[in-house]
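In: Show me how the following folds:
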Amino acid sequence: MSATHRRGGVVVPRLLRALAPLCLALACSGVDVHDVDEHGGGDDETGALPLPSATIEAPYLVGDLACSEPSQIGAVERELEPHEEETELPVPAGLPELLAEIRARGGRPALHFDTRAAGRLLNVRVPVRGAQIHRIADGVSEVALDLGALTVRLTHAPGSGGGEPELVLPTTLPLDQVVVLKTYSREPTAGGLGGAALTMVSVFDRRDEAAGPVATLAIDDQVPMAREADCDALAYELASEVPPVAVSFPPLSSCTVDECAKTRAAWLRANHDLFRVRQMLDFVASSPPEHRAFLWAAQGGSESGERLMSYESDDVGPNTALEFYFGPYAEYRLQAIRLAYARLWKIFHDHEIGGLELDIECTPDGPGDICNTTRPGGHHAVKSNMKLCDKAYSTPSQAFDVPRLVLHESMHHMFVPWKNTTPRLSPIMDTHTHGHGALCAGKLVTDKGYGLKKIKHLASYENEREDDCWHNNFAFRNNDTYAYAAATVGTYIRFGYLARWPLEHPPEDEEEGYLPDPDCGTPGVNTPPPGFSDPLSKCYKSNGELVCPGAHGGLLPGDLDIAVICPSL
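Out: Okay, here's the model as predicted:
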């Protein structure tokens, strides 16, 4: 069931009340302050909110967790040597052809975000590390893998000892090339969803995951489990609005069970949000060049095509467009942003930063730690070690603010290659020096790009000569810009506000007398081009739209949920 419920064209306020904590309006920069009591309005006797026609009320998402910038030593921009790093990212294989085929058949492609299965399925990837392998005899090794709810023994030699459930693997699969997939499910009940239960453990060869599992273990009542110690299950219950995804959790340290669950719930939400903004970017990059500027500025909307709005800010609606965060369209900025998000996705799944393994530490107790001096929500002062402070666990805005925080902190120590004229390698940072005025040399300001007010300034500043004075280039090198873009779009999708993007489509140069194909793209979409990743391998008609599921079962960031908008004949 969708997370947004309507009665007579209005939004049922139960969801608005549930989301009210997301709207705490104290940004990292200390600006954009609003009265929290304004959020989740509509608690009148009728239980309904009067809404303008063709709009849907959505919360104004403004973070309240402060940020702390690490040392900038070594964070220096430099020119790229020839062929040192690519400044463009390939588009998902087959996607441009698929979008072109849809248009050729009379349809208009769009993204369709379906969250009806939210909270029902979660896949957690657990790679086996070399240090975990225990040699028990010549040529015989095993791993006792702690999966939270239970420990599973992976071995090449059946019955070699130990009381844990056992999975025997082919001798051709080295244990350090194993990735385990934990599958959790939640069954619908009269009151919503039941508890998260581990239902399957599958073993894959990470060198060829597409070949399928090499061994599986179905979890039933005969397999003893300690659910109270299963942080992943608790995290999924907290983040129950997330539709089926696959996630890799980084190692945690110094965490209570509650902190562990909240940390992994935030990581799970951020993983989803990052996936969604990458879908939009891949869609733009796979569209014809003449359409990209239009799509860059395009807004999204609800399942029925309603625009998002808010009584407290005109930003809601426009903040579903990429242009809102990163400024006007430029091809080199599109490529740089796609590269940066691709590197962030790699961090989220490989947990590697600069050759070091990423780990997250909960509420460090050292008196000199930044958590206990300036008291931010979190920091990433040491390259491989992210710390979440007490504020991250006490904020009522867990569903937006903490995912935004871990996205922000994960982008520290990252460089993005890009090319406008001269190829560059630039650090993604918090602090920027930007000039203003007719010559872009006056009113020099050095400040941190925290919060929506600073993000919008970098994205939209122009002097009287319509020169952005390099602000737009700072926008795609600003941590909080990436974090806000992903977390805002992702949160709106998770809670059912944003279901379609774009709402409007680029104008087409149709020949005189053109009539759309009555099948509206069906022949081309039912058989996607070779190489296009569609894990469910089928498309279906839904309310006049042809939908090709992708994100629900896919592990790859190139999977897309494609809808075909059928024009009236």
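In: contacts, neighbours, all on C-alpha from now
Out: Noted.
In: mind listing the strands in the stretch 201-350 of the chain by residue range?
Out: Using DSSP state E, counting those that start in this stretch, the strands of the stretch 201-350 of the chain run over 215-218, 245-247, 252-253, 307-309.
In: likewise the stretch 451-569 of the chain?
Out: 500-501, 540-542, 545-548, 562-565.
In: related to what we said a few turns ago, among the strands of the stretch 201-350 of the chain, which one carries the weakest average confidence?
Out: Note on the strands of the stretch 201-350 of the chain: lowest mean pLDDT is at strand 245-247, with a mean of 85.
In: Run the chain-centre distance for it.
Out: In terms of C-alpha atoms, centre = their mean, to the nearest Å, the centre of strand 245-247 is found 10 Å from the chain centre.
In: Show me what that strand pairs with in its sheet, parallel or antiparallel.
Out: Using DSSP bridges, strand 245-247 pairs in its sheet with strand 121-127 (parallel).
In: Quick check: next helix or strand after the strand it pairs with?
Out: On the C-terminal side of strand 121-127, the closest following helix or strand by DSSP states H and E is strand 134-137.
In: For that next one, what does the pLDDT average out to?
Out: What strand 134-137 shows for mean pLDDT is 76.
In: how about the very next helix or strand once past it: buried residues?
Out: Note on strand 134-137: by DSSP H and E, the next helix or strand toward the C-terminus is strand 140-146. Under the neighbour-count criterion of 16 or more other C-alpha atoms under 10 Å, strand 140-146 has 141, 142, 143, 144, 145 buried.
In: so what strands line up beside strand 140-146?
Out: Going by DSSP bridges, the partners of strand 140-146 are strand 134-137 (antiparallel), strand 151-155 (antiparallel).
In: gap between that strand and the chain center?
Out: Computed by C-alpha atoms, centre = their mean, the chain-centroid distance of strand 140-146 equals 33 Å.
In: With stretch 93-102 instead?
Out: A distance of 23 Å separates the centroid of the chain from that of stretch 93-102, by C-alpha atoms, centre = their mean.
In: doesn't residue 497 make contact with residue 113?
Out: No - here residue 113 does not reach residue 497: they are 10.0 Å apart, not a contact under C-alpha atoms under 8 Å.
In: Can you pull the residues that touch both of those two?
Out: Counting by C-alpha atoms under 8 Å, 6 or more residues apart in numbering, no residue touches both residue 113 and residue 497.
In: hmm, back to that, which of the strands of the stretch 201-350 of the chain sits closest to residue 88?
Out: The closest of the strands of the stretch 201-350 of the chain to residue 88 is strand 245-247. By C-alpha to C-alpha, the value is 25.7 Å.
In: How many residues are close by residue 151?
Out: Per other C-alpha atoms under 10 Å, the neighbour tally for residue 151 reads 18.
In: any idea how far residue 562 is from the closest residue to it other than its chain neighbours?
Out: Among residues not flanking residue 151 along the chain, residue 145 sits closest, at 5.4 Å (C-alpha to C-alpha, 6 or more residues apart in numbering). Distance of residue 145 to residue 562, given as C-alpha to C-alpha, to the nearest Å: 38 Å.
In: Low-confidence regions, the stretch 151-300 of the chain specifically.
Out: Applying pLDDT under 70 to the stretch 151-300 of the chain flags the ranges 160-162, 222-228.
In: Most tightly packed of the strands of the stretch 201-350 of the chain?
Out: Of all the strands of the stretch 201-350 of the chain, strand 307-309 has the most neighbours on average by mean count of other C-alpha atoms under 10 Å, namely a mean of 24.
In: For that strand, what is the distance to the chain centroid?
Out: Here the centre of strand 307-309 is set off from its chain's centre by 21 Å, with C-alpha atoms, centre = their mean.
In: Please apply the same query to stretch 315-334.
Out: With C-alpha atoms, centre = their mean as the basis, the mean position of stretch 315-334 lies at 17 Å from the chain mean.
In: buried ones in that stretch?
Out: Under 16+ other C-alpha under 10 Å, the buried positions of stretch 315-334 are 315-329, 332-334.
In: quick one: which of those sit in helices?
Out: Assigned to helices by DSSP state H, the following of those qualify: 322, 323, 324, 325, 326, 332, 333, 334.
In: burial of residue 71, as a residue count?
Out: Applying other C-alpha under 10 Å, we find 13 residues neighbouring residue 71.
In: With residue 425 instead?
Out: Neighbour count of residue 425, defined by other C-alpha under 10 Å: 18.
In: Look at it and tell me its secondary structure.
Out: strand (DSSP: H, G, I helix; E, B strand; the rest coil).
In: Could you dump the buried residues of strand 140-146 into a markdown table with distance to residue 298 and pLDDT added?
Out: A markdown table is the format used below for those (distance: C-alpha to C-alpha, whole Å; pLDDT from 0 to 100):
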| residue | distance to residue 298 | pLDDT |
| --- | --- | --- |
| 141 | 55 | 80 |
| 142 | 53 | 87 |
| 143 | 50 | 89 |
| 144 | 50 | 90 |
| 145 | 47 | 89 |
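In: and which of those is nearest to residue 126?
Out: Looking across those and measuring by C-alpha to C-alpha, the closest to residue 126 is residue 145, at 9.1 Å.
In: where's that closest one relative to residue 201, distance?
Out: 11 Å.
In: Show me which residues of the longest helix seen in the chain are buried.
Out: Using DSSP H to define each element, the chain has its longest helix at helix 257-285. If you call a residue buried by 16+ other C-alpha under 10 Å, then helix 257-285 has these buried ones: 259-285.
In: Can you name every helix or strand that that helix contacts?
Out: helix 231-238, strand 245-247, helix 289-296, helix 331-350, helix 401-410, helix 479-494 (3 or more C-alpha pairs under 8 Å, 6 or more residues apart in numbering; DSSP states H and E).
In: Nearest to residue 469, out of these?
Out: Going through the helices and strands packed on helix 257-285 one by one, with C-alpha to C-alpha as the measure, helix 331-350 comes closest at 15.1 Å.
In: Throw the buried residues of strand 140-146 into JSON lines and include distance to residue 58, thanks.
Out: Shown next, in JSON lines, are the buried residues of strand 140-146 (distance: C-alpha to C-alpha, whole Å):
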{"residue": "141", "distance to residue 58": "54"}
{"residue": "142", "distance to residue 58": "52"}
{"residue": "143", "distance to residue 58": "48"}
{"residue": "144", "distance to residue 58": "47"}
{"residue": "145", "distance to residue 58": "43"}
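In: Now flag whichever of the residues you listed is closest to residue 155.
Out: The shortest approach to residue 155 among the buried residues of strand 140-146 belongs to residue 142, at 4.4 Å (C-alpha to C-alpha).
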